[in-house]
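Undergrad: here you go, sequence then predicted model.
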Amino acid sequence: MRALAPLLLPLLPFAAALPPPTTNRIPTSYESAVLGRRILALTPLGTISTVFPSDSSDPRRPANIGGAPHNILSYLADCDPSSDSGHPTILALPIETTFHNVAAGSNVSLALSWTPPFAPGKRISSSQRQKVVPAPSEYSAANLPRFSLMGEIEPIAGGDGDAELAACFVRAHPDAKYWLPGNRIHEAHFVRLVVRAVYWVGGFGDRAYIGWIPADEWTGVTREEWEGVRLPGEEKGWGEWSVGEEGDL
């Protein structure tokens, strides 16, 4: 070990910049699933990813994108009328590229992230903060949960004529009333993303769970459980953890 000491010296400035050790208990995958289900209930936008088929009859499509991913921001809601199982509700328009790919057999994933409605009362801070250009954002996105749901799209039986389902979706997206099933412009259908796997990043790894959440844990979370928790930034005055000397914040 004595012979290695000179090799460690160049690492000391880097080590000094690392966050202090924490004694926080890492949440379990199930506790993370509860938070994720709350994010799903409160987050009306997500990024749906599909894959372009190798062959296409669409002459407008570039010839060299077969097998490439297609990622696009989409409306979603937690409105599944059959159960409170965490399968996101989507208003699908077959004319969309996403659903062209789904019809061609593409796998599907949906990425969601938590955006706090309030800026933190106390920010993560360090001696390096002054060097950030441009000015830092109002919160640390890397310190907040985000996740990906993987599964397949299936129609919601009877959903196209379900007034309660339509009302739930329109509460999340008032403008969607113009392209509900039966509209005169585009064919539209209510579908669900049946969750088969969940990958979760709860924040920084020394204090948050990072990894897979079993599908049965995701679907097993009850409404009472996700309504009983709070996410960072749901309330004013929340604080991010501090890096560096006392008083940095």
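TA: All right, it came through fine.

Undergrad: counting contacts, what elements does the lengthiest helix in the chain pack onto?
TA: Of all the segments of type helix in the chain, defined by DSSP state H, the longest one is helix 29-42. Here helix 29-42 touches strand 108-113, strand 189-201, strand 210-213, helix 215-220, helix 223-227, going by 3 or more Cβ pairs under 8 Å, 6 or more residues apart in numbering; DSSP states H and E. Where C-beta positions appear, they are placed from N, C-alpha and C, glycine not excepted.

Undergrad: what about Arg171, how many residues nearby?
TA: Applying other Cβ atoms under 10 Å, we find 12 residues neighbouring Arg171.

Undergrad: need the phi and psi values for it.
TA: Backbone torsions for Arg171, taken as degrees, to the nearest 10, come to phi -60, psi -40.

Undergrad: contacting residues for it?
TA: Ala77 (Cβ atoms under 8 Å, 6 or more residues apart in numbering).

Undergrad: Ser109 too?
TA: Ser109 neighbours (Cβ under 8 Å, 6+ apart): Ile48, Ser49, Ser148, Leu149, Met150, Gly151.

Undergrad: how about 10 Å then?
TA: The contact partners of Ser109, by Cβ atoms under 10 Å, 6 or more residues apart in numbering, come to 46-51, 69, 71, 148-151, 193, 197, 199.

Undergrad: partners of Ile153 in the sheet?
TA: Per DSSP bridges, the residues bridged to Ile153 are Leu193.

Undergrad: got the contact list for stretch 56-65?
TA: With Cβ under 10 Å, 6+ apart, stretch 56-65 has contacts from Val51, Phe52, Pro53, Ser54, Gly66, Ala68, Thr97, His100, Asn101, Ala104.

Undergrad: export stretch 157-169 as CSV, just CAs?
TA: C-alpha atoms of stretch 157-169 as CSV (Å, rounded to 0.1, in the frame of the first residue of the first chain):
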residue,chain,number,x,y,z
ALA,A,157,-61.9,-3.5,-24.6
GLY,A,158,-64.9,-1.2,-24.8
GLY,A,159,-62.6,1.8,-24.1
ASP,A,160,-63.5,3.8,-27.2
GLY,A,161,-67.1,4.2,-26.0
ASP,A,162,-66.3,4.5,-22.3
ALA,A,163,-67.4,8.0,-21.2
GLU,A,164,-65.6,7.7,-17.9
LEU,A,165,-62.3,6.8,-19.5
ALA,A,166,-62.6,9.6,-22.0
ALA,A,167,-63.4,12.1,-19.2
CYS,A,168,-60.4,10.9,-17.2
PHE,A,169,-58.1,11.3,-20.2
